[in-house]
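Enquirer: Provide a 3D model corresponding to the input given below.
(one chain, ligands or ions: 1)
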Amino acid sequence: MTPSPASSPTFEELRARSAAAQDGPAYGEGSVIACDRLVRIFSAEGVEVQALQGLDLTVAHGELMAIVGASGSGKSTLLQILAGLDVPTAGRSVVAGNDLLTLDAKARLRYRREVVGFVWQQTARNLLPFLTARQNVLLPMQLAGFRARRARAERADSLLELLGVAECRDRRPAELSGGQQQRVAIATALANQPSVLLADEPTGELDSETAAQIFEAFRSVNSELSTTVVIVTHDPMVAGEVRRTVAIRDGRAASEVLRRLATDADGQESVEEREYAMLDRAGRVQLPRPFLEALAMEHRVGLTLEPDHIAVRPEG
Ligand SMILES: Nc1ncnc2c1ncn2[C@@H]1O[C@H](COP(=O)(O)OP(=O)(O)OP(=O)(O)O)[C@@H](O)[C@H]1O
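Expert: The predicted structure follows:
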C-alpha cells in the first residue's frame, strides 16, 4: 500500500484514529442480530463446501430487511443458523442476547420456540394439516407452557385479525389459498412474541399479486408489533418493499442497498436508493465485478491512502 505523498495522514494520526475507534461500542452492540465472521463448512462425499466464508451482518431492533443473492450464495445456510437449526463451523452469532454457539439443547429449544419465529417457503412445513388455522396459532403457546387459556385465545384471534385471515380461523390449511396459508403461518410464527421473525423465500410458491400481499403482511407486523423481520428472497419485488437489502455473494455480505423517502422542494416524495459495498471485520471489500472488468483488474491492485478515501488502481 502506498500512502499518497502530499496529503497522507502521519502514522501518529493513524494510530490516534485507531485508538479512538477501539474506544467505540463493541461490534454488534445495540443490534438484535450480530453475525461476526461466520463460517459454515459442509463436507459431503469427501468434498468441502464453504457455504459461509466469514460473513458479517448486524440487524437493528425493529428493522424490516431482506437478504438476496444468487442460488448457492449461502442465504439459507445463514437463516438456518439464525433459526437455531444449524451451528456455524466458526465465528459468532448473537440473536437477542443469545450466543448461538453456546446454547445447550434445552436453551436451544427455548430459543426456537420463543426468541425466533420462522416462515418457510413450503406452506406444508409451516402448518400442521390436521389443525385449524386458530389451533395452529395456539399450538406454539401451548408448547411454550403459556397457561392462561383466555389470553392465549385472545392473542391467537388478534394475530389472525392483524394478518387479515380472521375469517379463516376454523379452516384447515388444505381449505386455504396459498396466500392465506402463509398469512396464518406468519401469525403462528408470531404466537410467542419472538424478537425476530425469519422468513425463507416466503413468496416462492405464490403469484405476484399474492406475494405483494405477503410483503404487505410483513410490513404491518413490523410496524404494528415492532418485530424485527429478516426475509431471504429471490423475489425482485422485495426491492420496493423494504428499506434495506443485503446481497450475499460467495458466503459473505457483499453489498447493501439502503432506501429512504426524500421530499423535494415542491413537496414531492420519492424513494432514494443508494448501494454500498460492505467492508467486513477483516477489512475485506468485494469490488463489483463490472467495475473490475471495466478496468481489467485482476490478481493485484495498487492501494493509495488519501485523507478521506482509499484509491484502488489496476497494477500490471
Ligand atoms: N447440508 C449441506 N450439505 C452440503 N452442502 C450444503 C448443505 N447445505 C448447503 N450446502 C451448500 O452450501 C452452499 C450454500 O447453500 P445455501 O442453501 O445456503 O444457498 P442459498 O443462497 O440459500 O441458495 P438457494 O437460493 O438456491 O436456496 C451451496 O453450495 C450448497 O450446495
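Enquirer: for the residue of the stretch 201-316 of the chain found nearest the ligand, give its distance to residue 214.
Expert: With C-beta to the nearest ligand atom, the shortest gap between the stretch 201-316 of the chain and the ligand falls at residue 234, namely 6.2 Å. For every residue, glycine as well, the C-beta is placed using N, CA and C. Computed as C-beta to C-beta, to the nearest Å, the residue 234 to residue 214 distance reads 14 Å.
Enquirer: ok, back up a step: what's the residue of the stretch 201-316 of the chain closest to the ligand in contact with, if anything?
Expert: Neighbouring residues of residue 234 by C-beta atoms under 8 Å, 6 or more residues apart in numbering: 68, 71, 201, 204.
Enquirer: quick check: it is in a helix.
Expert: No - checked against DSSP: H, G, I helix; E, B strand; the rest coil, residue 234 lies outside a helix; its state is coil.
Enquirer: quick check: residue 82 touching residue 197?
Expert: No - with contact defined as C-beta atoms under 8 Å, residue 82 does not count as touching residue 197 (10.8 Å).
Enquirer: anything in contact with each of these two?
Expert: 116, 230.
Enquirer: what about the helices in the stretch 151-300 of the chain?
Expert: Under the criterion DSSP state H, counting those that start in this stretch, the stretch 151-300 of the chain carries helices at the ranges 178-189, 208-225, 289-294.
Enquirer: how far does the helix or strand encompassing residue 19 sit from its chain's centre?
Expert: For residue 19, the host element (DSSP states H and E) is helix 11-22. Put simply, helix 11-22 sits 32 Å off its chain's centre (C-alpha atoms, centre = their mean, to the nearest Å).
Enquirer: could you point out which element follows it?
Expert: Counting by DSSP H and E, the element after helix 11-22 in chain order, helix or strand, is strand 31-44.
Enquirer: which SS class is residue 110?
Expert: helix.
Enquirer: what's around it, how many residues?
Expert: 15 (other C-beta atoms under 10 Å).
Enquirer: related to what we said a few turns ago, just the CA coordinates of the helix holding residue 19, formatted as PDB?
Expert: Provided in PDB are the C-alpha atoms of helix 11-22 (Å, rounded to 0.1, in the frame of the first residue of the first chain):
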ATOM      1  CA  PHE A  11       1.400   7.400  11.300                       C
ATOM      2  CA  GLU A  12       0.800   9.200  14.600                       C
ATOM      3  CA  GLU A  13      -2.600  10.400  13.300                       C
ATOM      4  CA  LEU A  14      -3.500   6.900  12.100                       C
ATOM      5  CA  ARG A  15      -2.500   5.500  15.500                       C
ATOM      6  CA  ALA A  16      -4.700   8.100  17.300                       C
ATOM      7  CA  ARG A  17      -7.700   7.300  14.900                       C
ATOM      8  CA  SER A  18      -7.300   3.600  15.500                       C
ATOM      9  CA  ALA A  19      -7.200   4.100  19.300                       C
ATOM     10  CA  ALA A  20     -10.300   6.300  19.200                       C
ATOM     11  CA  ALA A  21     -12.100   3.600  17.100                       C
ATOM     12  CA  GLN A  22     -11.300   0.900  19.700                       C
END
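Enquirer: elements contacting it?
Expert: The helices and strands touching helix 11-22, judged by 3 or more C-beta pairs under 8 Å, 6 or more residues apart in numbering; DSSP states H and E, number zero.
Enquirer: and this structure, which residues reach the ligand?
Expert: Residues of the chain lying close to the ligand by C-beta under 6 Å from any ligand atom are 42, 44, 49, 51, 69, 71, 72, 73, 74, 75, 76, 77.
Enquirer: contact partners of the helix or strand the fourth one falls within?
Expert: Think residue 51. Using DSSP H and E, the element containing residue 51 is strand 47-60. Contact with strand 47-60 is made by 27-28, 30-43, 65, 74, 77-78, 81, 88, 91, 196, 228, 230, 246, 248, 250-253, 278, 280-282, 284, as judged by C-beta under 8 Å, 6+ apart.
Enquirer: what comes up buried for the helix or strand just after that strand?
Expert: Helices and strands here follow DSSP H and E; after strand 47-60, the next one along the chain is strand 64-68. Within strand 64-68, the residues that count as buried by 16 or more other C-beta atoms under 10 Å are 64, 65, 66, 67, 68.
Enquirer: just the C-alpha atoms of the next helix or strand after strand 64-68, please, in PDB.
Expert: Under the assignment DSSP H and E, the closest C-terminal helix or strand after strand 64-68 is helix 75-82. C-alpha atoms of helix 75-82 as PDB (Å, rounded to 0.1, in the frame of the first residue of the first chain):
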ATOM      1  CA  LYS A  75     -28.600 -17.400   2.300                       C
ATOM      2  CA  SER A  76     -30.400 -20.400   3.600                       C
ATOM      3  CA  THR A  77     -27.400 -21.600   5.500                       C
ATOM      4  CA  LEU A  78     -27.300 -18.200   7.300                       C
ATOM      5  CA  LEU A  79     -31.000 -18.400   8.100                       C
ATOM      6  CA  GLN A  80     -30.700 -22.000   9.400                       C
ATOM      7  CA  ILE A  81     -28.000 -20.800  11.800                       C
ATOM      8  CA  LEU A  82     -30.100 -17.800  12.900                       C
END
